[in-house]
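Enquirer: The sequence and its predicted three-dimensional model are supplied below.
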Amino acid sequence: MTAQEVLARQAERQTENLIYIASTIPSDKLDWVPGDGCRSALDQLRECATAVTFFWDIYTEYKLENIQDRFKGWMKARKELHTLDELTVALRESTQQLAALIRSAPEADLGRNVEMPWPGEYNLADVFHFHTWNMSYHEGQIAMIGFLLPKAE
């Protein structure tokens, strides 16, 4: 198995893990937040479902620029997805788009430098993995929401 196949497979599997955990939240609680400053399961899914396509040039241009302006646009675009079904479709589609790109990437490109607007060194393999890492993080956050949901009396 190549590194590209591992990265693509992990993204696809994590997509299904995230969808599964979100499906365990009752539909009338998908917008529930456990407290001030917290995010709902739906809001976290919105992030994961839109990040890949909104920041696509990180994978093709090897840099991330104009982060403040782009972030504002991304926040607005995320609000266009409202239901778990819409988010599931968008998440699967964006992951498949990324997985196809990962699988087609030449081995030599995985170590290629990617310019990021924050400190540290990043290569293409790192940024290919960000989507999987982000979904894994939000899977845990959504699982915690499930534990914190108010119990029906």
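Expert: Nice, I can see it.
Enquirer: Same question for the worst-scoring helix or strand of the chain on mean pLDDT: list its buried residues.
Expert: Every helix and strand in the chain was compared by mean pLDDT, DSSP states H and E; the lowest is helix 67-78, with a mean of 83. Residues 74, 78 are the ones in helix 67-78 that count as buried (16 or more other Cβ atoms under 10 Å). All C-beta atoms are positioned from the backbone trio N, CA, C, and that covers glycine.
Enquirer: Same question for stretch 5-25.
Expert: 7-8, 10-12, 14-15, 18-19, 21-22, 25.
Enquirer: so for it, what's the average pLDDT?
Expert: Average pLDDT, stretch 5-25: 98.
Enquirer: Arg112 reaches Asp126, doesn't it?
Expert: No: counting by Cβ atoms under 8 Å, Asp126 is not a contact partner of Arg112; they are 10.3 Å apart.
Enquirer: hang on, the earlier thing: and the contacts of the least confident helix or strand of the chain?
Expert: 43, 46-47, 50-51, 54-55, 117 (Cβ atoms under 8 Å, 6 or more residues apart in numbering).
Enquirer: ok, now which ones touch the nearest residue in space to Pro150 that is not next to it in sequence?
Expert: Distance criterion Cβ to Cβ, 6 or more residues apart in numbering; nearest residue to Pro150, sequence neighbours excluded, is Trp32 at 7.9 Å. With Cβ under 8 Å, 6+ apart as the criterion, the residues that contact Trp32 are 40-41, 145, 149-150.
Enquirer: neighbours of Val33, just the number please.
Expert: When neighbours are counted by other Cβ atoms under 10 Å, Val33 registers 15.
Enquirer: again, but for Leu81
Expert: Other residues close to Leu81 by other Cβ under 10 Å number 19.
Enquirer: pLDDT score for it?
Expert: 84.
Enquirer: all helices for this structure, in order.
Expert: Using DSSP state H, the helices of the chain run over residues 3-23, 41-54, 57-60, 67-78, 84-104, 124-148.
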